[in-house]
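Q: Using only what follows, build the 3D model:
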Amino acid sequence: MTHPAPPLMSVAALQTFLAQRFPQIGQQGEGALLVEAVGPMTCRMRLKIGDQHLRPGGTVSGPTMFLLADVALYVAILAQIGPVELAVTTSFNINFLRRPAPRDLIAECRLLKLGRKLAVGDVALMSEGESAMVAHATGTYALP
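A: Okay, the predicted model is just below:
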């Protein structure tokens, strides 16, 4: 049995990369996407929820959840292969399971396959402080 290699990029390196290459998502405070942990073929991220992420009824919007899931998969890939900014989403599917609370969202991502040309992963999204998933996503990235 082979074990996945340790990540090539640290939490700090990934956060710096996002801030430099994607300033629209690498901000601080409300709306910030934060890398909290990386491991072999995994990452954990947080989205600091603000009013701009809420839809009528006081729940986190679907596009907001999609954003976090997509970025979490991207970060999990970069953690393993290094700062390859031209990795791109080729397919993505998200299932909304329950109404998320209007507080920070947590993404737990794991890579299912990391090949030379494609990476496939899944992402579980939870409201902070809850263990039940609010959404589940799967996605594929093309690697340059």
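Q: From now on I want contacts and neighbour counts done on CA atoms only, so please keep to that.
A: Noted.
Q: looking at this, Ala69 is in a strand?
A: No. Applying DSSP: H, G, I helix; E, B strand; the rest coil, one finds Ala69 to be helix, outside a strand.
Q: wait, isn't it in contact with Ala135?
A: No. Taking contacts as Cα atoms under 8 Å, Ala69 lies outside contact range of Ala135: 9.0 Å.
Q: Need the residues touching each of those two.
A: Common neighbours of Ala69 and Ala135, using Cα atoms under 8 Å, 6 or more residues apart in numbering, are Ala124, Leu125.
Q: Check whether the spatially most central residue of the chain sits in a helix, strand or coil.
A: Centroid-nearest residue in the chain, with Cα atoms, centre = their mean: Ala72, separated by 1.3 Å. Under the three-state scheme (three-state DSSP), Ala72 adopts helix.
Q: What distance do you get for Ala32 to Asp70?
A: Per Cα to Cα, to the nearest Å, Ala32 is found 15 Å from Asp70.
Q: higher neighbour count, the two?
A: Asp70 (24 against 17; other Cα atoms under 10 Å).
Q: just for this protein, where's the confidence low?
A: Counting by pLDDT under 70, the chain has low-confidence residues at 1-3, 26-31.
Q: ok, which stretches of the chain are helices?
A: Along the chain, the segments classed as helices by DSSP state H run 11-21, 62-81.
Q: In JSON lines, list those along with distance to Gly115.
A: Output for the helices of the chain, formatted as JSON lines (distance: least, Cα to Cα, whole Å):
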{"stretch": "helix 11-21", "distance to Gly115": "21"}
{"stretch": "helix 62-81", "distance to Gly115": "10"}
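Q: Okay, and the beta partners of Asn95?
A: Beta-bridge partners recorded for Asn95 (DSSP bridges): His136.
Q: Could you do Thr59 as well?
A: Beta bridges link Thr59 to Arg55, judged by DSSP bridges.
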